[in-house]
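Peer 1: Structure of the sequence below:
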Amino acid sequence: MEGNIRNKINVAVWGLGKHTCKNILPALNECKSISLKGVYSRNKQVVDESVSRYRCGTWNSIDTMLSDDSVDAIYLSTPIGLHVEQGLKILAANKHFWCEKPIVFNLQDAHELVDLAKKKKLTLNEGFMYEYHPQFQWLKKYINEIGLASIKSIRCRFGLPFLDEPGFRYTAALGGSALLDVGCYTLSAILDLIPDIEPVLKYLKINVPEASEIDMDGSAILNIEDNIDVFLEWGYGRDYKNEIDIWGSGGTLYTDKIFSKPSDYEPSFILSDKNGKKSQIACESGNHFIAMFDYFGEMIGNDTIAELEYGRILRRARYLSELFEESKSTKHYILKKGKNMQKWQDVKLDDETMWPKEGVIELEKPHVDDRGYIQSLVNFPMKNLSLIMSKKGTVRSNHYHETDWHYMYVLSGKFDYYFRPTGSDQELEKITVVEGEMVFTPPMEDHATVFLEDTKLLAMSRNPRDQATYESDVHRVELINPASISL
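Peer 2: Predicted coordinates:
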């Protein structure tokens, strides 16, 4: 990753909402390692006020800002639903991409941003500012010292009253969502406090009122190594809470304002021993926005911490994506508790990190005894198994799937499998799949099959194969012209 040859990192800010003007601009202006190069927004009045106050520049268009060679990094503070498109532009322009939380709410989008940042040797950062405050750092140290074995449960809450001026928060098309706005804090805190163990989602409740286009509140239970239960609660339309408590076998800990606080706030921790006797520990105050930007600046030129941040972004996106998909699939969904399965077709039980990395799958060794053998094909969540018969010389597929994947196991016959990433100009690759072999097709892969013999195969897919579900996810492309096949 290329270091900056100047003494300071020149940062532009894209988007000037109330939060940005109140917290982001003052913090950037106070950072000793950063120079606030300029601001950009469609709101000319706010731009003029910011330029005057901070004596910085501005640009007459997004393209002008992106093409400014003096800008090293761009902090994006626009609505969540715009982050991916705008973030890809920032990286394509060879600028470090720093972003308001959450940077994305879809794992595939997170991979796209991380892959481009790695290719360009640029930093990618997500603005969970509270993680850089002395209060949260003290909490991490406390957990490391007492050890996970002594912790029985963790409860984390973040909620606030309905806002008089909510901005984009209540607009689904722009990424409005209580989960994405406040719930993501609770999830990110657990993932950062316990970075080396993957929590398992046990329960999820998302509430989307009938008159609303977004989720207004929710709760989740995660479990860590069958030992620690983690309770997350978030939402709008409730008394303000912003807190975390830890209950263990040797005592409890509680602290409030763990996520949001003014820079002069002096945090404290209330500890209770196993008999309930309380004591209080004071913690130093601090501006977590300044601390965050100092860390972002240190990352430029440091491949080790940049790589760690890529991983943290992907991990957060994987869990947030799972929760957010459920918030869209139903008005009120409960996972692993109750019988609400009317929307089972929309429930995703896997993510990209669980998929095979190769085309042709190496099958497990069959179980063999005197009766014969049992060959395991797919030990994986799926929703359809189809038997497909194809005649010699015919062509199937010539399409790609947005979200669906499938395995194809050849019972008899053989076929040529052609494929390439969707939207690419790459030459088609080809695999010949024969009897007893199986090939995997991920989402967003153009593919076609040419049958070299009469062939029977089993197709096992992620999504149901009723016509309505299938057609809503498939897109036709002609990779192989059937008229060109002569066998």
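Peer 1: nearest residue to the residue sitting nearest the centre point of the chain other than its sequence neighbours?
Peer 2: By Cα atoms, centre = their mean, the chain has its centre lying nearest to residue 317, at 1.5 Å. Of all residues not flanking residue 317 in the chain, residue 110 sits nearest, at 3.6 Å (Cβ to Cβ, 6 or more residues apart in numbering). The way it works is simple: take the backbone N, C-alpha and C, and place the C-beta from them, glycine included.
Peer 1: Surely that neighbour is within a helix?
Peer 2: Yes: counting by DSSP: H, G, I helix; E, B strand; the rest coil, residue 110 is part of a helix.
Peer 1: rewinding a little: the residue nearest to the centre of the chain and residue 136, how far apart?
Peer 2: 20 Å (Cβ to Cβ, to the nearest Å).
Peer 1: Can I take it that the residue nearest to the centre of the chain is in a strand?
Peer 2: No: according to three-state DSSP, residue 317 belongs to no strand; its state is helix.
Peer 1: Please name the residues that touch it.
Peer 2: 102-107, 109-110 (Cβ atoms under 8 Å, 6 or more residues apart in numbering).
Peer 1: change it to 7 Å
Peer 2: 104, 107, 110 (Cβ atoms under 7 Å, 6 or more residues apart in numbering).
Peer 1: pretty sure the first one is touching residue 82, no?
Peer 2: Meaning residue 104. No: in this structure residue 104 lies outside contact range of residue 82 using Cβ atoms under 7 Å: 10.9 Å.
Peer 1: between the two, which one's more packed in?
Peer 2: residue 104 (28 against 16; other Cβ atoms under 10 Å).
Peer 1: In a helix, residue 63, correct?
Peer 2: Yes: using three-state DSSP, the secondary structure at residue 63 is a helix.
Peer 1: How many residues are close by it?
Peer 2: Residue 63 has 11 nearby residues by other Cβ under 10 Å.
Peer 1: per-residue pLDDT, residue 344?
Peer 2: On pLDDT, residue 344 comes in at 59.
Peer 1: again with residue 466
Peer 2: At residue 466, pLDDT is 82.
Peer 1: Okay, and residue 397 sits in which element?
Peer 2: Per DSSP states H and E, residue 397 falls inside strand 395-401.
Peer 1: Can you list the neighbours in contact with stretch 462-480?
Peer 2: Contacts of stretch 462-480 (Cβ under 7 Å, 6+ apart): 345, 382-384, 386, 395, 398-405, 418, 428, 446, 448, 450.
Peer 1: Check stretch 23-31 too.
Peer 2: With Cβ under 7 Å, 6+ apart, stretch 23-31 has contacts from 11, 13, 34, 36, 50, 54, 75, 77, 287, 289-290, 293-294.
Peer 1: Then stretch 52-67?
Peer 2: With Cβ under 7 Å, 6+ apart, stretch 52-67 has contacts from 12, 25, 29, 36-40, 47, 51, 68, 71, 89-90, 93, 95.
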